[in-house]
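> Build the 3D model from these lines:
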Amino acid sequence: MKKIVLIEDDADLFALLKYNLEKEGFTMVGSQTGKGAIELCRRERPDLILLDVMLPDSDGLEICKGIRMHPELAPVPIIFLTARASETDRIVGLELGANDYIVKPFFIRELIARIKIQFRGKQMAAHILKAGNLELDRTGCRVRLGSETLSLTATEFRLLEYLMSRPGVVFSREQLLDAVWGHDRAVTDRTVDVYILRLRQKIEADPANPLLIRSVRGFGYSFNENVAQENAERRAIAAS
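Predicted coordinates for the structure are as follows:
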């Protein structure tokens, strides 16, 4: 049974959504204020978050940014519910990390359909992660680049798996240390840079100009799942 966290200040809409989502078979918990929303999500570990943009005490966009920066919550789908209908508002919401953007008023059946789309193909975590010709087998703990099986250390494998399973999410060095090395560690932020360099040397066609593991200036690293498309664009530019 999928769990949904709803952050919505309109009491009538909150009750209506709770009734219909539970009728549909979902477990629903939530809050009618934005205060403590990230802590609520961290505690409940939802499968999906419905988030109002305009809350009386918080900015839903800021909550979304906070969720995407949290290593445990970053992969959770977020659907914005909002009265802001302009193209700019939609683009900003999606660029901040929302998976969908639904403008009020909306049909309940449409919302439920969009929720189910987020769960489609995600009934269980994928055993195989792919990006271009890079393939990571979680079950067999193997990584292949084309036809070649790569030799990765256990830490390199965990770091690559963590990044590949959360494409597009930017992680700070501290977040990666907590997720891969754990809280009880005797390593520094520099350790992340060293391991990222090692991974790039093994998986990137051009480690000096990486496509897969990208640096985000002043923050950390992000995994790029659109590498196949960008490789094709580079080849096209080079051939022109």
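> Distance of the residue nearest the centre of the chain relative to residue 211?
Among the residues of the chain, the one closest to the centroid is residue 75, at 3.3 Å (C-alpha atoms, centre = their mean). Separation of residue 75 from residue 211 (C-beta to C-beta, to the nearest Å) stands at 21 Å. Yep, even glycine has a C-beta here, placed from its N, CA and C like the rest.
> Check whether the residue nearest to the centre of the chain really touches residue 167, as I assumed.
No: assessed by C-beta atoms under 8 Å, residue 75 is found out of contact with residue 167, at 9.4 Å.
> How far off centre is the top helix by length along the chain?
When the chain is parsed with DSSP state H, its longest helix is helix 189-203. Helix 189-203 sits 21 Å away from the centroid of its parent chain (C-alpha atoms, centre = their mean, to the nearest Å).
> So for stretch 113-120, what gets flagged as buried?
114-115, 118 (16 or more other C-beta atoms under 10 Å).
> Could you spell out which stretches of the protein belong to which domain?
As assigned by automatic domain parsing, the chain contains the domains 3-119, 128-239.
> taking those domains together, which one is wrapped up most tightly?
Counting by mean count of other C-beta atoms under 10 Å, domain 3-119 has the highest mean neighbour count of the domains of the chain, with a mean of 17.
> mind checking the end-to-end distance for that domain?
Distance between the two ends of domain 3-119: 11 Å, counting by C-alpha to C-alpha, to the nearest Å.
> now stretch 199-216
16 Å.
> Check stretch 100-118 too.
End-to-end distance of stretch 100-118 (C-alpha to C-alpha): 9 Å.
> Need the residues that contact that stretch.
The contact list for stretch 100-118 (C-beta atoms under 8 Å, 6 or more residues apart in numbering) reads 4, 13, 16-17, 20-21, 24, 26, 48, 50, 77-85, 89-90, 93-94, 99.
> just stretch 13-31 next, same as before
1-8, 32, 37, 40, 44, 46, 50, 81, 104, 108, 111-112, 115.
> So which of the residues you listed are in strands?
Filtering the contacts of stretch 13-31 for membership in strands, criterion DSSP state E, returns 3-7, 50, 81.
> Residue 207: which of the residues you listed is nearest?
residue 5 (40.0 Å; C-beta to C-beta).
> How about that closest one: what's its closest non-neighbour residue?
residue 46 (4.1 Å; C-beta to C-beta, 6 or more residues apart in numbering).
> my guess is the one you found contacts residue 76, does it?
Yes: between residue 46 and residue 76 a contact is recorded at 6.1 Å, counting by C-beta under 8 Å.
> do you know how far the residue nearest to residue 5 is from residue 113?
Look at residue 46 and residue 113: by C-beta to C-beta, they are 19 Å apart.
> so after the helix or strand harbouring residue 144, what's the next helix or strand?
If you go by DSSP states H and E, residue 144 is part of strand 142-145. Remark: after strand 142-145, the chain's next helix or strand is strand 148-149, criterion DSSP H and E.
> Give me the sheet partners of that following strand and which way each runs.
Taking DSSP bridges as the criterion, strand 148-149 forms sheet pairs with strand 142-145 (antiparallel).
> The partner strand: how far from the chain's middle?
Distance of strand 142-145 from the chain centroid (C-alpha atoms, centre = their mean) equals 23 Å.
> Same check on stretch 42-62?
15 Å.
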